[in-house]
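Undergrad: Okay, here's the prediction I keep looking at, along with the sequence it came from:
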Amino acid sequence: MGQIKRFDIKSISKKLIEEDCICLCSNCHTLFHSTKYKEFGWKIIGRKYKEQIEETYNYLERNVLKFKFKKIDIKDPLN
C-alpha cells in the first residue's frame, strides 16, 4: 500500500477490500497496535482502571475483527 497516491479511486477501493483494510481514528489505531500499553497500561494509569483498559481493548479488537466491507460500486469522481 506504500504507493497508494499513484492509484485511481477504483484501484484504491479494490486494494482496500483485497487487504481487508479498515479505517480507524488515530487513537484507535494507536491502541490497536500498542501491545505494550495493552499489557502494561494498568501500571501507567493504575489498577483501578485495569478492567476498563481490558474491556476497551477487547471491544476494539472484536469490532476490528468482525468488520466487513459492503460491496458497492464506486465511481471515480475525476472521470
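TA: Yep, it's here. Numbering: from 1, shown residues only.
Undergrad: which residues touch the lowest-mean-pLDDT helix or strand in the chain?
TA: Least confident helix or strand, the chain: helix 35-45 with a mean of 72, by mean pLDDT, DSSP states H and E. With C-beta atoms under 8 Å, 6 or more residues apart in numbering as the test, helix 35-45 has contacts from 31, 49, 50, 53, 57. For glycine as for every other residue, the C-beta is placed from the backbone atoms N, C-alpha and C.
Undergrad: redo that, cut-off 6 Å
TA: Identification of contacts with helix 35-45 by C-beta atoms under 6 Å, 6 or more residues apart in numbering yields 50, 53, 57.
Undergrad: List buried residues within these.
TA: Taking 16 or more other C-beta atoms under 10 Å as the criterion, what is buried in those is 53, 57.
Undergrad: Among the contacts of helix 35-45, name the ones in strands.
TA: With strands defined by DSSP state E, no entry of these lies inside them.
Undergrad: middle-most residue in this structure, spatially?
TA: With distances taken as C-alpha atoms, centre = their mean, residue 24 lies nearest the centre of the chain, 4.1 Å away.
Undergrad: Tell me where the protein has helices.
TA: 9-18, 26-33, 35-45, 50-66 (DSSP state H).
Undergrad: These: lowest mean pLDDT?
TA: Mean pLDDT values for the helices of the chain show the minimum at helix 35-45, a mean of 72.
Undergrad: Alpha carbons of it, as PDB, please.
TA: Taking C-alpha atoms only, helix 35-45 is exported to PDB below (Å, rounded to 0.1, in the frame of the first residue of the first chain):
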ATOM      1  CA  THR A  35       0.800  -4.200  22.600                       C
ATOM      2  CA  LYS A  36       3.000  -2.800  25.400                       C
ATOM      3  CA  TYR A  37       0.200  -0.400  26.500                       C
ATOM      4  CA  LYS A  38      -2.300  -3.200  26.400                       C
ATOM      5  CA  GLU A  39      -0.100  -5.400  28.600                       C
ATOM      6  CA  PHE A  40       1.100  -2.700  31.000                       C
ATOM      7  CA  GLY A  41      -1.500   0.200  30.700                       C
ATOM      8  CA  TRP A  42      -2.900  -0.500  34.100                       C
ATOM      9  CA  LYS A  43       0.600   0.200  35.600                       C
ATOM     10  CA  ILE A  44       0.600   3.600  33.900                       C
ATOM     11  CA  ILE A  45      -3.000   4.500  34.800                       C
END
